[in-house]
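**Q** Compute the structure for the input listed below.
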Amino acid sequence: MKNFYKEIKRVQDSDCNESLSKIIERYSPVFISMYSKYINAMSSSGADPNDILSDRCLIIYESAKSFDLTKGSSFCTWLSNNVKYKCLHVIAKQTKKGLLSERFKSNVIVDIENNPYKNKELNSFIFNELNKIKDERIKRVYSLRYFSGEKMTWSKIGDRLGFSSQTAINLHKRGADILKRKFKDKTKNKSLTRD
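**A** Numbering: from 1, shown residues only. This next block holds a predicted model:
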């Protein structure tokens, strides 16, 4: 097990793809074990359990990145808890979405009529920022993941673009960090111009 902690450290320090592959292979059964406990609850809430399953590699990667090696606790426990919270979050989000859609259906329709370009503006902003990033692979990963008509899995994205699923995850993470910063700057600038 200590060898896997070395692999986790390599992922934390340098996003080592080889180490990440080993971690994913070793801990996928732990992921599946916890995920299986919530499949029925996710389906009952109206959520698609495949949303969590298709993010298996990303969830294991994020768990490895956030795992505190100094606390002496088990990575299995840490990963299991992260999977559990992801499943519960999807269930809660779907349940809340269902309640809101019933309760505020008329308000939502009015809002869509008043702001028909809201989503288009957000998509335009995302594509604008992705176009500015030097590494064009990031834009291609985002296009396939979110704008291809279906939510493609990391392995399908990797196959389509000619690299590993771990590389797709790493590029997605890098893009997410950039987009968060840019979006934060945009909202900050908007609030400054209002004042």
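
**Q** now the host helix or strand of residue 7: mean pLDDT?
**A** Remark: residue 7 resides in helix 2-14, with elements defined by DSSP states H and E. Per-region confidence: helix 2-14 scores 84 on mean pLDDT.

**Q** likewise stretch 175-193?
**A** The model assigns stretch 175-193 a mean pLDDT of 69.

**Q** got it, and stretch 34-51?
**A** Here the average pLDDT along stretch 34-51 is 87.

**Q** Then stretch 20-30?
**A** 93.

**Q** what comes into contact with that stretch?
**A** 4, 7-8, 11, 56-57, 60-61, 64, 75-76, 79-80, 83, 164, 166, 169 (C-beta atoms under 8 Å, 6 or more residues apart in numbering). The C-beta positions use only the backbone N, C-alpha and C, and glycine is treated the same way.

**Q** Where helices are concerned, which of those count?
**A** Of these, the ones assigned to helices by DSSP state H are 4, 7-8, 11, 56-57, 60-61, 64, 75-76, 79-80, 83, 166, 169.

**Q** what's the offset of stretch 70-83 from the middle of its chain?
**A** In terms of C-alpha atoms, centre = their mean, to the nearest Å, the gap separating the centre of stretch 70-83 from the centre of its chain is 19 Å.

**Q** make that stretch 76-88, sorry
**A** With C-alpha atoms, centre = their mean, you get 14 Å for stretch 76-88.

**Q** Show me which residues of it are buried.
**A** For stretch 76-88, burial by neighbour count (16 or more other C-beta atoms under 10 Å) applies to 76, 78, 79, 80, 82, 83, 86, 87.

**Q** Same question for stretch 150-165.
**A** Across stretch 150-165, burial judged by 16+ other C-beta under 10 Å covers 152, 153, 154, 156, 157, 158, 161, 163, 164, 165.

**Q** hang on, the earlier thing: which of the ones in helices among the contacts of stretch 20-30 sits closest to residue 19?
**A** residue 7 (4.0 Å; C-beta to C-beta).

**Q** residues touching that closest one, list them.
**A** Counting by C-beta under 8 Å, 6+ apart, the residues that residue 7 touches are 16, 19, 20, 22, 23.

**Q** any idea how far the last one lies from residue 168?
**A** Remark: distance between residue 23 and residue 168 (C-beta to C-beta, to the nearest Å) = 16 Å.

**Q** ok, now the first one?
**A** With the distance defined as C-beta to C-beta, residue 16 ends up 16 Å from residue 168.

**Q** Looking at those two now, which is surrounded by more residues?
**A** residue 168 (28 against 17; other C-beta atoms under 10 Å).
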